[in-house]
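Asker: Model the following, please.
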Amino acid sequence: MKNKIELKKALIKCFIAIILILIVFNVFQYYQYKKYTNNFNDKIAQIVSKVKEKYPDLDNNEIMQIINSKENIDTDLFKNYGINLQDDAILIENDNYFKIFLILNTTILIILSVLILIIFIKYNHSKDKKLKEITRYIEEINNKNYKLDIDDNTEDELSILKNEVYKTTIMLKETAENSVQDKVNLKDSLSDISHQLKTPLTSITIMIDNILENPEMNKETRIEFVKDIKREIINVNFLVNSILKLSKLDANSVKFINKKINLQDIVKESIKNVSVLCDLKNVEIVQKEEQNIKINCDFKWQVEAITNILKNCVEHSKDNSKIDISYEENKIYSKIEIKDYGVGIEKDDLPHIFERFYKGKNSSSESVGIGLALAKSIIESNNGYVSVESEVNEGTVFAIKYFK
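Answerer: The predicted structure is shown next:
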C-alpha cells in the first residue's frame with residue numbers, strides 16, 4: 001500500500017481542531033486573567049481611595065508595599081464576615097466569574113473531545129463503507145458481473161485495494177472471455193482441419209477403391225491414379241506439417257535460433273524451394289540489385305515464411321510471366337517486396353488472405369489456405385510485419401518489414 005491519505009486527512013483535521021481549540025482556550029484564559037485582574041484592581045483602588053481620604057498623609061509607597069507584601073496577615077478579620085481565605089474569594093464577583101469560566105472551560109473541552117470523536121467516527125464510517133463496497137464488488141465478481149466503477153477512487157489504502165480488485169476483475173474477465181473464445185476457435189479450427197483433411201482423404205479412398213475393384217485397369221490409368229494419390233498425400237502431409245508448425249507458434253514453444261542473416265540469402269533459399277513450380281509455369285523470379293542487408297532472425301523459419309509467400313505468388317502468376325523482388329533498408333526497418341503480375345486478389349478477399357483455411361475466389365483448387373497464415377505468424381514472431389496490396393488482373397505486392 002502506497003499511501004494512507006484518509007488516515008492522514010483525519011489526523012490533520014484532529015490536529016487543526018486541537019490547535020484551534022487551544023488558541024480559543026488560551027485566548028479565553030487570557031480574558032479570564034484580565035477580568036479577574038481588572039476587577040481585583042478596581043476593588044483595591046476603591047479601598048486605597050477610601051484610605052487616602054481618611055489618612056491623607058499616608059505615603060503612596062507605603063500603600064504599594066502593603067499591597068505587594070508577601071507577609072502573612074491576620075485572616076480573623078475576614079472570618080467575621082464569613083470568608084475563609086483558603087476556600088473563598090474575598091471578592092464575590094470574582095468567585096462568580098470563576099464559576100462561569102469553569103463551566104465555559106469544561107464546555108470547550110467537551111466540544112474538543114466531541115469534535116475529535118466525530119472526525120474519527122467519520123473516518124471509520126468511510127473506511128467501513130469502502131470495505132462494504134469492496135465486499136459487494138467481490139460478490140458481484142462471484143456472480144459473473146465484471147462491470148465495476150472506479151471513478152471515485154483516490155490513493156488511500158482501501159482505494160488501492162479497490163484498484164487491485166478491479167485489475168483482478170479485468171484479468172478474470174479477459175481469462176473467461178479468452179477461454180470461451182479459445183473453445184470457439186478450437187471448435188472452428190478442428191472443423192476446418194477436418195474439412196481440409198476430408199477432401200484429399202476421400203479422393204485417395206475413391207482412387208484406391210477404383211484400383212482394387214478394377215484389377216484389369218490399364219497400366220496408364222493405374223499410373224495416373226497412383227500419381228493423383230501421391231499428390232493428395234503430399235497435400236495432406238503439407239497440411240499436417242503446417243498445422244503442427246502453427247500450433248507450435250501459437251503455444252510459443254518454438255525456440256528461434258536468431259543470427260545476423262543476409263536478406264538475400266533467405267530469398268535465394270526460398271526461390272530454390274519453388275523452382276520446380278516456377279519451371280512448370282515458366283515464371284521467372286527477378287531480384288533487384290544486390291544489397292548487404294542483414295537482419296537478426298532464425299534462417300530456417302524465415303525461409304519457410306518467404307517460401308510460402310513466393311509459392312502463393314507463383315500459383316497466382318500467369319504462365320510465362322515474372323515475379324520481381326526488391327529490397328529496402330532504413331533506420332527503422334529492413335524490407336522485402338515481392339510483386340507478381342498474376343490474377344490479383346478480389347477486394348472482398350484481401351482482408352482475409354492471412355486467415356487460416358481461407359480460400360479466396362481466385363485460389364487454386366489445390367490450395368488449403370494455410371500457407372500465408374503460417375508465413376504471417378512466423379514473420380510476426382520475428383519482430384516483423386507483412387502487408388499486401390492487389391489489383392485484379394494486374395497483380396499482387398507483398399511487403400515484409402523486419403523492424404530493428
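
Asker: C-alpha only now, for contacts and for neighbours.
Answerer: Fine.

Asker: Can you verify my assumption that Glu394 contacts Val343?
Answerer: Yes: counting by CA atoms under 8 Å, Glu394 sits close enough to Val343 to count as a contact (6.4 Å).

Asker: Looking at the two, which has the bigger crowd around it?
Answerer: Val343 (20 against 13; other CA atoms under 10 Å).

Asker: tell me the SS of that one?
Answerer: Secondary structure, DSSP: H, G, I helix; E, B strand; the rest coil: Val343 is coil.

Asker: Now it: closest residue in space, sequence neighbours ignored.
Answerer: In this structure, Val343 finds its nearest non-sequential neighbour in Asn393, 4.3 Å apart by CA to CA, 6 or more residues apart in numbering.

Asker: My guess is the one you found contacts Glu346. True?
Answerer: No: the pair Asn393 / Glu346 is not scored as a contact, 9.5 Å apart, by CA under 8 Å.

Asker: circling back to that earlier point, for the residue nearest to Val343, list the residues it contacts.
Answerer: Counting by CA atoms under 8 Å, 6 or more residues apart in numbering, Asn393 touches 341-344.

Asker: Same question for Val343.
Answerer: Contacts for Val343 (CA under 8 Å, 6+ apart) come out as 316-318, 362, 392-395.

Asker: sec struct for the residue nearest to Val343, please.
Answerer: Strictly by three-state DSSP, Asn393 counts as coil.

Asker: What about it? Give its phi and psi, please.
Answerer: Note on Asn393: backbone dihedrals following degrees, to the nearest 10 are phi 70, psi 10.

Asker: how close does it get to Asn96?
Answerer: Using CA to CA, to the nearest Å, Asn393 is found at 113 Å from Asn96.

Asker: ranges for the helices of the stretch 151-300 of the chain?
Answerer: 157-213, 219-250, 263-273, 275-281, 299-315 (DSSP state H, counting those that start in this stretch).

Asker: what's the closest of these to Ala373?
Answerer: Nearest of the helices of the stretch 151-300 of the chain to Ala373, taken as CA to CA: helix 219-250 at 8.4 Å.

Asker: Secondary structure element for the residue sitting furthest away from the middle of the chain, which one?
Answerer: Relative to the centre of the chain, and counting by CA atoms, centre = their mean, the farthest-placed residue is Asp57 at 96.8 Å. For Asp57, there is no enclosing helix or strand under DSSP states H and E.

Asker: so what's it up against?
Answerer: So Asp57 contacts nothing (CA under 8 Å, 6+ apart).

Asker: Quick check: phi and psi on it?
Answerer: When read as degrees, to the nearest 10, the backbone of Asp57 gives phi -80, psi -10.

Asker: Could you do Ala251 as well?
Answerer: Dihedral angles (degrees, to the nearest 10) for Ala251: phi -90, psi 0.

Asker: pLDDT score assigned to the residue farthest from the centre of the chain?
Answerer: Listed pLDDT for Asp57 reads 74.

Asker: Ok, the one 3 residues further on next?
Answerer: Taken from the predicted model, the pLDDT recorded for Asn60 is 72.

Asker: That one and Ile47: what is the separation?
Answerer: As judged by CA to CA, Asn60 and Ile47 stand 13 Å apart.

Asker: for Ser113, same thing?
Answerer: 44 Å.

Asker: again with Val27
Answerer: From Val27 across to Ile47, the span is 30 Å (CA to CA).
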